[in-house]
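In: for reference, the sequence and a predicted model appear below.
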Amino acid sequence: MTVKRRNILLQVVGCILFMLQPILFPSKPIDGNNLFSNELLENYLANAMLIGFFYLNYYFLIPRLYFHKHYLVYSLLIVTGLFLVIAFPSFLIKMTLSLQPESLERHHIRGHHNFDHTHESLFSQFQFYFSNVDHQVFLFTSIVFFSLLLKVRNRWFATEKARQEAEINYLSSQINPHFLFNALNSIYALTIREKANDSAKSILKLSGL
């Protein structure tokens, strides 16, 4: 397996595991019989957005903004991305539910509940919201730092490889084959003059190489 294919395979496996994170490592206990509840759908969508932002940050934001020292613009885009990851999934799920006819009926039934029950329900919703926000902030911060660390590491390796190749090319240019051949022939002539036949044969073979 080539390095490129191996990297693609690792990325695919990593994305699949990350999408399964709400089930494998949930932010709160979940019902195993209901893997498509509203809360889990929000987490699925948020994780998909996090994966997209990882590649956006890795291939675009870091090389074009961070490495060019546009730190203010980069920070503003990071904050914007965090806000979208937190707010958009919940907004989309609520908009989708509001368009369903049965949601109107549920809303009408809730209107007949007493104030204490409504207050308790709102409190539990806010409690879940803030716990979910903490969870998304942690994941977002992790993928931002991971993509930044990975990009800086790859850039360092690329720079180091280019430096080594330049050094090798420089050293190779110092060993001019024509100059070396002439120098060996001159040494060969000296060994013949001094009647060092064995040395002369060895130098002749080296010159041939």
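Out: Great, that's in hand. Numbers count the residues shown, from 1 in each chain.
In: where does the prediction get shaky in the protein?
Out: 1, 26-36, 100-132, 174-175, 209 (pLDDT under 70).
In: quick one, helices of it?
Out: With DSSP state H, the ranges of helices along the chain come out as 3-19, 21-24, 38-56, 71-98, 101-110, 115-174, 177-193, 197-208.
In: check these for me and report the most buried one.
Out: helix 38-56 (a mean of 18; mean count of other Cβ atoms under 10 Å). Just so you know, the C-beta spots here come from the backbone N, C-alpha and C atoms, and that holds for glycine as well.
In: helix 3-19 and that one, what's the angle between them?
Out: Inter-element angle recorded for helix 38-56 and helix 3-19: 150 degrees (by axes from the mean of the first three to the mean of the last three Cα atoms, to 10 degrees).
In: and helix 38-56, how far from the chain's centre?
Out: Its chain's C-alpha centre and that of helix 38-56 lie 15 Å apart, by Cα atoms, centre = their mean, to the nearest Å.
In: re the thing from before, which among the helices of the chain is found nearest to residue 62?
Out: For residue 62, the closest of these is helix 115-174, at 4.6 Å, according to Cβ to Cβ.
In: against residue 56, how distant is the residue most central in space within the chain?
Out: Among the residues of the chain, the one closest to the centroid is residue 147, at 3.7 Å (Cα atoms, centre = their mean). Using Cβ to Cβ, to the nearest Å, residue 147 is found at 9 Å from residue 56.
In: before I go, just wanted to say thanks for your time.
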